[in-house]
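Colleague: Provided below for reference: sequence and predicted model.
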Amino acid sequence: MFLVLDGPDGCGKSTQAHLLVDALRAEGRVVQHLREPGGTALGEALRDLLLTRREQGFEIAARAEVLLFFASRCQLLEERVRKALARGETVVCERYVSSTFAYQGQASGVGEELVLAIARAVLGDAFPPSLTLLLDLPAEEGLRRSAARAGADRIEARGLAYHTAVREGFLRYAAMFPQRTRVLAVAGRSVSEVAVLVREALREAESR
């Protein structure tokens, strides 16, 4: 399976991805744990460019952001994801098209049509993934959690209105791809409680 954990900043997707990977490996599965943007030499270079705050001295246009994210994504698919799936392994990836849909397509105003058209044109059968788990959290809480970490990145620093639109974008994505997306409400839940929700959603998907 090609599994994606996604959601607004501060939702805990990295923590849950690590817990899920550990649990799956404990069951004897071979698991590739990846992140977007990143996971390859090109992807990590693009990650630094996309997420570093304004120290680079220029702004990146929203459509250019979309193309850079997809460049990283295509490289990750060719180098890591497709090869792992061909070997019968499980792939757990932090962020994927759902993020570009929510952040650039919705919150930055690029439009969902462009994001989905590019996804279908360049990703082939790797879109949509087997299952996307969206960890849903109000924007205010997500920003509060992000602020508690050391330094917001370039996208995290965009403010409440932007991140409210991001959350709405994720929920819109889930509504468009209901068969392969599960929305998990994480506000007010502990890390362990969310981990249970993640595993239950995965078991339900695998039993279909």
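Modeller: Structure's in. What do you need?
Colleague: do a quick rundown of the helices in this protein.
Modeller: For the chain, applying DSSP state H gives helices covering 13-26, 41-51, 62-76, 82-86, 97-100, 112-123, 139-148, 160-176, 191-207.
Colleague: for L184, find the nearest of the ones you listed.
Modeller: helix 191-207 (4.7 Å; CB to CB). Quick note: C-beta positions are derived from backbone N, CA and C, even for glycine.
Colleague: show me what that closest one is packed up against.
Modeller: helix 13-26, strand 131-136, strand 181-185 (3 or more CB pairs under 8 Å, 6 or more residues apart in numbering; DSSP states H and E).
Colleague: how about TSV for the ones you listed, with distance to A64 added?
Modeller: Putting the helices and strands packed on helix 191-207 into TSV (distance: least, CB to CB, whole Å) gives the following:
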stretch	distance to A64
helix 13-26	25
strand 131-136	25
strand 181-185	27
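Colleague: highest average neighbour count across those?
Modeller: Of those, the one with the most neighbours on average (mean count of other CB atoms under 10 Å) is strand 131-136, at a mean of 24.
Colleague: so what strands line up beside that strand?
Modeller: strand 2-6 (parallel), strand 181-185 (parallel) (DSSP bridges).
Colleague: okay, the angle between it and helix 191-207?
Modeller: With axes from the mean of the first three to the mean of the last three CA atoms, to 10 degrees applied, the angle from strand 131-136 to helix 191-207 works out at 150 degrees.
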